[in-house]
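Visitor: build me a model:
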Amino acid sequence: MANDILNSLLREYEQKKINAEFDLEERKKKIYVLFPRLEEIDNELNSLGLFVTKSILLNPSDSEKCLLDLNKKIDALKAEKEFILVKNNYPIDFFKPNYECKICNDTGYVLDENSNTVMCSCLKQKLLDISFNKSNMFNLQNENFYKFNELLFSDEVDLSKYRFNISPRKNILNIKDKCIRFVNDFDNPEVKNILFTGATGLR
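Guide: Numbers count the residues shown, from 1 in each chain. Purely as a prediction, here's the structure:
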């Protein structure tokens, strides 16, 4: 089941990535019509790498000069491209896909500091959300210790009625404190489990 959910999410990510890149291509077509020089610049940038590679292969001794010239030409073309965009009120990153996640570019995975492929935080969050929904825990922003209202419980001490020599309010606050301690120490292997019991409908 877990693998099915992950595979389904990865298919969703793949489609989002495809959509973002398709959208970019459509935007390119439109802006090239408005500003043909932008298409010329992109074509020049695409051909520069191949041209320099051939030059280096033919004249290995000039490789350093070729690379310097290449970087200068690339910087000049990029600067001209940005100038045209800004002058016409387009964002500088116009030619980048509008990925939903800027961290993983809608792949679901990133490289960590050791260059290992790890799950992106956005994919982890989606898996967590699904787990919460399946556990009826999706409303945590409203159902948590901070929203706990002890005033819902009586402050009356009545041993015959409640079978405690403390009030229900005092009792529930004791329970709350134990629950908080349990959560805070959840990773401690020495901490025992916690069990709630009682008749149906009791708070």
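Visitor: so after the top helix by length along the chain, what's the next helix or strand?
Guide: Ranked by residue count under DSSP state H, the longest helix found in the chain is helix 2-34. Downstream of helix 2-34, the first helix or strand assigned by DSSP states H and E is helix 36-58.
Visitor: how far does the least confident helix or strand in the chain by mean pLDDT sit from its chain's centre?
Guide: When the helices and strands of the chain are compared on mean pLDDT, DSSP states H and E, helix 159-162 comes out lowest with a mean of 80. In terms of C-alpha atoms, centre = their mean, to the nearest Å, the centre of helix 159-162 is set 52 Å apart from its chain centre.
Visitor: can you check the pLDDT for Lys30?
Guide: Looking at Lys30, its pLDDT stands at 96.
Visitor: how many residues are close by it?
Guide: Residues lying near Lys30 (other C-beta atoms under 10 Å) number 8. All C-beta spots, glycine's among them, are computed from the backbone N, C-alpha and C.
Visitor: Leu128 versus that one, what's the distance?
Guide: Lys30 sits 39 Å away from Leu128, going by C-beta to C-beta, to the nearest Å.
Visitor: now do Leu159
Guide: For Leu159, the distance to Leu128 equals 44 Å [C-beta to C-beta].
Visitor: please identify the buried residues of stretch 104-122?
Guide: Buried residues in stretch 104-122, counted by 16 or more other C-beta atoms under 10 Å: Cys104, Asn105, Asp106, Thr107, Gly108, Val110, Cys120, Cys122.
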